[in-house]
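# Compute the structure for the input listed below.
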Amino acid sequence: MKKHILIKQYILLFLLGICILSCSSDDETPVVNEMPEEEMMDPEEPDPTNLDLTFTLHTQQDQIGDFAFHQMAVFNESVHSYYGAGLGATTEMPYNLGVWHSDNGIAWASDISFGSERRGHSVTEFNGDLFLIGGADNDDNELEEVWVSNDGFNWTLGAEILPFGSVSFHNTVAYDGQLYLITDDYEDGDGTQMMAVYRSNNGFNWSLIATDVFPVRTAAETVVFNNKIYLIGGSNDTNFFNDIWTTEDGITWTQITPTGTHFDPIVFHTLNTYNNALWLIGGWSSTNQYNNHIWYSQDGINWINYDGEIPFDGLYAHDILVYENELWLFGGIQSDGLSGAIGSIKINN
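Numbering: from 1, shown residues only. From the prediction side, this is the model:
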């Protein structure tokens, strides 16, 4: 197994091991380097320096139990959750969450599983289908798989030989009629590890379009905003990052330099677009293992840290979806272990 794959698995198993052992908030914070963080808001929206947010706790725990490292999507008017870590029916295997769906985000039903239990996979809507790519199974094997579904319930395995090989904690994003995959699992002829970008117009046939586009990392977050792909944060074997990168074609990437105060280097955070803004919430940062901070930005350059009362504890490895015109927060890892809470954040006009 490649050295960087071993490092990636070590980092993730270490973090999950902490949560299963009821994660102490006194755990030592990882070594990180200094850089920026991201979130956005539109000039037509209310004054971003004085946002009025409503926080709603919909349930402290539902049928899923406690969960983290899951991947979710709103698809065909249902909310879907795929795999990850769960402490519901059994705790013998760490990544046993399974497949679930909900018609309201609160009450959940278990669906038929497919392939292997996993974490570090990606789930992306593209051309009217859902694509689930890669991940690592319970034996720490990275998976070389692309699964596709046209309804969110029934899945078909596509090509098993892919140019990017087996991947986990990568990024996929649908942009400008193409599907892009960004991964650190690339080595040149000399064995030097670097970032690589692959592109596909159907989700099955992929082309390598760029390498060495920015410093190597895993578990970054990506989103499409203002007709660009944005990528923020992540980590490698020694550092966490808070740099912000953008691209209009997946080939040429530009680093944004924020002005003023911005977030610490961070990993296992979420990045969403909501009300024409970028929102970065939670994560494990260079200064705090469990963050409940909310950052947002209208331009990717000027970032504002929401300074109102935030009624949920710090967490990482959660997921956030834009659903029913609110930001819905699902699960994650907190100082006392896995969370089963589901809540939402809404901007009051």
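
# In the sheet, which residues pair with Leu327? Tell me.
With beta bridges defined as DSSP bridges, Leu327 has these partners: Val322, Ile345.

# Relative to Ile301, how far out is it?
Separation of Leu327 from Ile301 (CB to CB, to the nearest Å): 22 Å. All C-beta atoms are positioned from the backbone trio N, CA, C, and that covers glycine.

# what do you get for Ile64?
Per CB to CB, Ile64 is found 38 Å from Ile301.

# Among the two, which residue is more densely surrounded?
It is Ile64, of Ile64 and Ile301, that has more neighbours when counted by other CB atoms under 10 Å, with 24 against 16.

# And the helices in this protein?
Taking DSSP state H, the helices of the chain run over residues 3-20.

# Where is the longest strand in it?
In the chain, with assignment by DSSP state E, the single longest strand is strand 178-187.

# what's it packed up against?
helix 3-20, strand 122-126, strand 171-175, strand 193-200 (3 or more CB pairs under 8 Å, 6 or more residues apart in numbering; DSSP states H and E).

# That strand pairs with which strands, and in what direction?
In the sheet, strand 178-187 lines up against strand 171-175 (antiparallel), strand 193-200 (antiparallel) (DSSP bridges).

# buried set for that strand?
Neighbour counts over strand 178-187 (16 or more other CB atoms under 10 Å) mark Gln178, Leu179, Tyr180, Leu181, Ile182, Thr183, Asp184, Asp185, Tyr186 as buried.

# would you put the C-alpha positions of it in CSV?
Extracted C-alpha coordinates of strand 178-187, given in CSV (Å, rounded to 0.1, in the frame of the first residue of the first chain):
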residue,chain,number,x,y,z
GLN,A,178,-19.1,18.0,-16.4
LEU,A,179,-18.2,16.0,-13.4
TYR,A,180,-14.9,16.7,-11.7
LEU,A,181,-12.9,14.5,-9.3
ILE,A,182,-10.0,16.0,-7.3
THR,A,183,-7.7,13.5,-5.5
ASP,A,184,-4.3,13.3,-3.9
ASP,A,185,-3.9,9.7,-5.0
TYR,A,186,-1.6,10.5,-8.0
GLU,A,187,2.1,9.7,-8.4
